[in-house]
Structures are given as structure tokens and as C-alpha cells.
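> here is a sequence with its predicted model. Questions after.
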2 protein chains.
Amino acid sequence: MLKLRPMALGSNPKLADVARAAGVSLATASRALAQPDLVRAKTCERVRDAVNMLGYVPHGAARALATRRSKTIGAVFPPLDNPIFAKATHALSRELSQAGYTLLLATHDYDPGAELLATRALIERGVDGLVLVGMDHDPGLYRLLERASLPYEITWSLDHGGYHHCVGVSHRLASVHVAQHLLDLGHREFAVIAGETAHNDRARDRLAGAREALASRGIGLPSSRVREAPFAVAAGKAALAGLLADAPGFTAVICGNDPLAIGALLECRARGITVPDQLSIAGFDDVDLAAELTPGLTTVRVPSAEIGARAGKRLLARLAGKRVRRMEEIKAPLIVRGTTGPAPA
Amino acid sequence: MLKLRPMALGSNPKLADVARAAGVSLATASRALAQPDLVRAKTCERVRDAVNMLGYVPHGAARALATRRSKTIGAVFPPLDNPIFAKATHALSRELSQAGYTLLLATHDYDPGAELLATRALIERGVDGLVLVGMDHDPGLYRLLERASLPYEITWSLDHGGYHHCVGVSHRLASVHVAQHLLDLGHREFAVIAGETAHNDRARDRLAGAREALASRGIGLPSSRVREAPFAVAAGKAALAGLLADAPGFTAVICGNDPLAIGALLECRARGITVPDQLSIAGFDDVDLAAELTPGLTTVRVPSAEIGARAGKRLLARLAGKRVRRMEEIKAPLIVRGTTGPAPA
DNA sequence: TTGTAGGCGTTATCAT
DNA sequence: ATGATAACGCCTACAA
């Protein structure tokens, strides 16, 4: 079954080998591949043939060294088992590859230190640009970017300071809409299951938005009614269980993201609490699953694939010397489905 | 003419600048960073200071050119919105970064042509090794790898031919176990919602395993009872609806992966079909959500994070000159939860 | 322990 | 249209 391959040969063919095989100079071979218009058609063809014959594959490092461009974009992301990040990564990768760029990906576990290290590694690898998530980063990270004078895009969050290039949504505003929706349904007793707010400006903004909307109608949110939980369905279940045990009496739960909301929903189902009759639940992100559940999950649609794609497009445009708006806000509409309903009488 | 180029303002400091600032030669500066043991401690420190002072970041391309190593590993994956791939990617990335390697990620939509192109791009970028998913690839892909004599790992699938390095599970065998479990519960009328089998050996093996187990007990699987569906909860719902409409009468559904199974489950819930009393449902992969549902989803545990981590470890070991077993099989046990039960009388 | 110099594979700037 | 050759930034024998 195992076939032996006679062809051994030490190293891979280089452009010089191609040139020799085609009977042209190194420079001509290079041009034939990069700027065919500058080379006689016939010569071009000879070079191409030689390439195929030898199985020549360009040496990116050498090219990067000479051109000072790696055709590579770095992305530093939280764990991709959050589907929103997976989607964005995929869309970004797709966008980049269409333009001949490749994605260099680093992931971290919401740890600013690790994030800084990873970013450094990417810069060392010579990325032409960088995609980051959110605004919360080690100060050293921004310094590093500054010094490297590397174009980068902040995703998900918006820098209202107008300094960073960014493409994202207003988490605060969307969260206000969620709370208002529930208030309009007559709810007065709320609980919140927030994502972990440390090192996460999105989670903080979402929590702040909810607080603010409630406060503006004179409704407080005691700390016993607020829980932070790591992103995960299981954590959502546990959080709701905890709230029910420690501070019952609420009729609506605002969740920091969909997995938490789905967890809360499953916990209700397991306990026989009917949603939305006895309890309303709202999520955030509009994960695929949200629409498939019965009842469907009321949530905020954050178009994560679009964010990834836009970040890629913007970066590519900037690398091509075009100008782009510094800040690109994407709408995040409230999607009302079945898990929210009138407050029980 | 010889011109002294003072460090340009925009340009980043190079090792030569560090050396000058530290008052040592280029070679010493290089060694101080790479092999500090070969350099006097005091000198080392001077170099380090210079590095910090100047904010020096090594130029990876130059290093790669000189050492013929990029400290970069490429991975070619299907869309990461399938959580199993997201988990594997994260684990892989984590494993690599611990060893100073970075992950170069390419994703494709189950298209062999695109996969080939992406792989080529990674090789051009100078990856030191590659991680692939499954055995189904464009023949040109294997040729490319051969010529580049690049170490690579096939993940998820096992090459029983013993040719490729691989780390994965036996999808066929696990699928046999699923079918046997249902047979043991008394089921005789089956339906299958398979993943799309084109360009996907895992989906084919899973389907084949189920067929085989049923056949070995004299039970056939008419084509009207088999449906292929793209990976997605929505597709699972639709597939079950289709089966119910076209070929009712089955008491158990074997699904090609968990999202499909969850879709089937949700469809049942929406129609008032009780699971497992009226219908048993089994999945494959053991996604996080599977355990959180009530009833929990009976499925096969495929440790995707472990696969990613192992692939990384194996590749790193090989790059370090160690030998590893060509084939590493990971157990994929059946996890019996609540969605499967005795066949209705 | 430290320095000198050649080379890694490609592009780009000159000539021709 | 094509060719010679100097960068590009770093590593690493080989010398000192």
C-alpha cells in the first residue's frame, strides 16, 4: 500500500531554477509572474511552463522581505466556541482570501496579557494589518500598534472618542431597547444575567444600557438581581437557578448574550416555569439557534458575519491607500420573538 | 556611492539599530536574544535594554528566510460556525502558542477547489506544518504536500491505509454503536438524517456504519428514509419534517451530527411528538448543548478540543525531530442520555 | 566571549 | 523587452 517515491531532491525549486529552466534571467522570471504585461507573451508562457514543470511555489518570506508586505492580516479573537466569533472569523477569512490575503489567527481566553503576547507574535510574523475585538486591551497593546504604525480595526465596539478605526454596534443603545421593550410589556421586577464584565466593554455596555433604561423609568436593579456568568449555556442555567433561589419575584430576565438566555430558558423548562407566561427572557446576539427554538428567543441581532466582513474590507481598502470612515456603526435591531410577553398579573 | 542611512523616522528599528545602541556587533545582538547562554550576562542586559528602548520587534520574514522556519503552522478548516471545529481551532492555537508557534488559519465552505487554493496560500506563507480535516481532498493537494515535503496531520479521520499521519476517531464504528443501541431498545424502523456526504468522508463513514449495523440484523434502510442535510439546526428540522411527510412509520432517527439532531428534536417539540416515547433521536459529536437539553441528547462524544490539541502536539513533536505514531485513534464513546428510549409498542 | 561576512529567495532599480 | 545587481533583515559558520 505504501508507495515509495523515487523523487527526492533536497530543497524546493526557487525562482532561479525556474529562470534557468525557461532560459531567461531571474529578473524576467520574476516579472513574468508578477507583471506579465511587461514581458513578451511568449516568454511569459515559457516561464509558466517551467513553473508547472518544477512545481515551483514562491517563497513568501523572501517576498515579504523584499516587498515589505506579507499579504497577511492578523486577528486576535476570544475563543471561537462562541459562534459569533466563529462567524466573524469565517467571513473575515473569506473576505481576505478573495483579495489574496491570508488570515493569521490568534485566540486567547479573555486575558489581556495573553492577548498582548499574541498580538506581538502576529506583528513579528509581519502582518499587514490587525483585527481586534472590543476596546478593552492592555495599554501596552495600543503602544505596540502605535510604534508599529500598523493599520488595525476594532470590531464589535465603537470608539466614540473617534480615535480608533472601528466597526461595530452600540451595545448600550441596543440594550436600552431590550429593557424598554420589557418595560412596555408591563414588567417592573427585573433580573440580569450579564456576561463577565472584566476586560469586556461589550458586556459592560450591555449591562449599563439595561440599568440606564430601567432607571429612567424609576426602576432600580438591586445587586442581588444581577449576576455575571461566563459565556456558556450551562452558566446561564446556573445563574437563573441562583437568582431564583436568592432573589425571586422578578418577571423578566435580561441576558448578556444568547447562550446565557438559552441556558435560562432551559432551566425554566426543566423547572416547569412557562416562558413567557411566568417569566420573560431576552438575549443578545441572535445566534442561529435563537430563531429555531419554540418559543423563539427575543434578542438583539448583532450581525457578526457582517462585522467580520466589513473589518476585512475596511482593512484592505486602507492597505490599498483608500480612505474609510473612521467609525462604522452597524445597526443592531431588537428581534421580538416568543420568549418575551406581558408581565403576569 | 556609500550613503549612511540614518534610522528613518517611519521605519521600524532593526537588529542593527539595537546592536549599535547596545554598542555590540550585530551577531552578538542576535545571539543575546536567541541564545543568551552564549553571551556574557552583562552584554545580554545591554542588548535587552536597547530592545526595550527602541521598541524593537524582530522581523519574522527575515528570520524565516535565514532559518527556513517560520514558526507558523497552517490549518485548513471548514467553517468554524460548527462548534466542533471552533473548539479544535482554539485548542490547536493554544497548543501552538505555548511553543512559540502561531496559527495561520484558512477556512473554506467544504469546497475541495477552494481548499486546495487556501492550502497553497499557506504553503507560500511558509508554514512549517499543516493541519487538515478529514481525508477527502483534491488529489492535487496531496501532490502539493508531497512536493513541499511538509509535515501534516489529518484530523478527525483515520487513515487505515497507514500512509498519512492522522489523529481522529472511527466514525464508522461509533455509528455502529449508535445503531446497535437503538436496535437493543427494540427499534426496527429507522430513518437517517446524514450530513452531506460529498467531499466528506466523516459523513459517509457515519452513514455507512449505521447502514452496516442495521443490515447485520437484517434491517434495511430504504432511500426514502435517508436524507442528507447541510450542517445546521434548521436543516435538521426541515429534514425531519420531510421524512415525516414522505416516509412515516419510523421510531428512531439517527442523525449525522448534533445540530441536525437538535433540529429534529425541536421539530418534534413543535409538532407535539414526544421524545423518546414516540420517537428516539440520536446525534453525533456531543456538542456542549447536547448535555443541557431536557431530555439530554443521546450522542457520540467526539473530543474535538482534544483532536486539535493532539494534532498540534504531534506536529510540534515531529518538527522537533521526534517520532510519533503515524495513526492516533481517539475513542468516541456512545453517550446515552434521554432522547433515546424503548421502541413504542 | 565577540566580531566579520556570506547567504537565505525575492523584488526593484538601474542599465542595456 | 530583458539582464545584472543591490537591497530586504536576520542567522550562523568561521575567525579573532
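Happy to help now that I have it. Numbers count the residues shown, from 1 in each chain, chains lettered A, B, ... in the order given.
> which parts of the stretch 51-200 of chain A are helices?
For the stretch 51-200 of chain A, applying DSSP state H, counting those that start in this stretch gives helices covering A:60-67, A:83-98, A:112-124, A:139-148, A:171-184.
> these two touch, right, A:Cys44 and A:Ala34?
No: contact criterion C-beta atoms under 8 Å: A:Cys44 and A:Ala34 do not qualify, at 11.1 Å. (Each C-beta comes from the backbone N, C-alpha and C, glycine too.)
> neighbour count for those two, which is higher?
Set A:Cys44 next to A:Ala34 and count neighbours by other C-beta atoms under 10 Å in any protein chain shown: A:Cys44 wins out with 20 against 12.
> quick check, the more buried one in a helix?
Yes: checked against DSSP: H, G, I helix; E, B strand; the rest coil, A:Cys44 lies within a helix.
> check whether stretch A:183-199 contacts chain B.
No: judged by C-beta under 8 Å from any C-beta of the partner chain, stretch A:183-199 makes no contact with chain B; its nearest approach is 14.9 Å.
> ok so, going back, just put the helices of the stretch 51-200 of chain A in JSON lines and tack on mean pLDDT, mean neighbour count and distance to DNA strand D.
As requested, those are arranged in JSON lines below (pLDDT from 0 to 100; neighbours: other C-beta atoms under 10 Å in any protein chain shown; distance: least, C-beta to the nearest atom of the strand, whole Å):
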{"stretch": "helix A:60-67", "mean pLDDT": "93", "mean neighbour count": "19", "distance to DNA strand D": "4"}
{"stretch": "helix A:83-98", "mean pLDDT": "95", "mean neighbour count": "24", "distance to DNA strand D": "24"}
{"stretch": "helix A:112-124", "mean pLDDT": "93", "mean neighbour count": "20", "distance to DNA strand D": "9"}
{"stretch": "helix A:139-148", "mean pLDDT": "91", "mean neighbour count": "15", "distance to DNA strand D": "13"}
{"stretch": "helix A:171-184", "mean pLDDT": "98", "mean neighbour count": "21", "distance to DNA strand D": "40"}
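> count of neighbours near A:Thr298?
Neighbours of A:Thr298 using other C-beta under 10 Å come to 24.
> do you know how far it is from A:Leu221?
As judged by C-beta to C-beta, to the nearest Å, A:Thr298 and A:Leu221 stand 19 Å apart.
> check A:Ala191 too.
Per C-beta to C-beta, A:Ala191 is found 8 Å from A:Leu221.
> likewise A:Ile262?
22 Å.
> who has more neighbours, these two?
A:Ile262 (27 against 19).
> now the more buried one. Nearest residue, chain neighbours left out?
A:Val233 (5.4 Å; C-beta to C-beta, 6 or more residues apart in numbering or on different chains).
> need the residues of chain A near DNA strand D, please.
Contact residues, chain A versus DNA strand D (C-beta under 7 Å from any atom of the strand): A:23-28, A:31, A:38-40, A:42-43, A:62, A:65-66, A:68.
> which parts of the stretch 151-300 of chain A are strands?
A:152-156, A:166-168, A:190-195, A:226-229, A:252-255, A:280-282, A:299-300 (DSSP state E, counting those that start in this stretch).
> so which of the ones you listed comes closest to DNA strand C?
DNA strand C lies closest to strand A:152-156 among these, at 23.6 Å (C-beta to the nearest atom of the strand).
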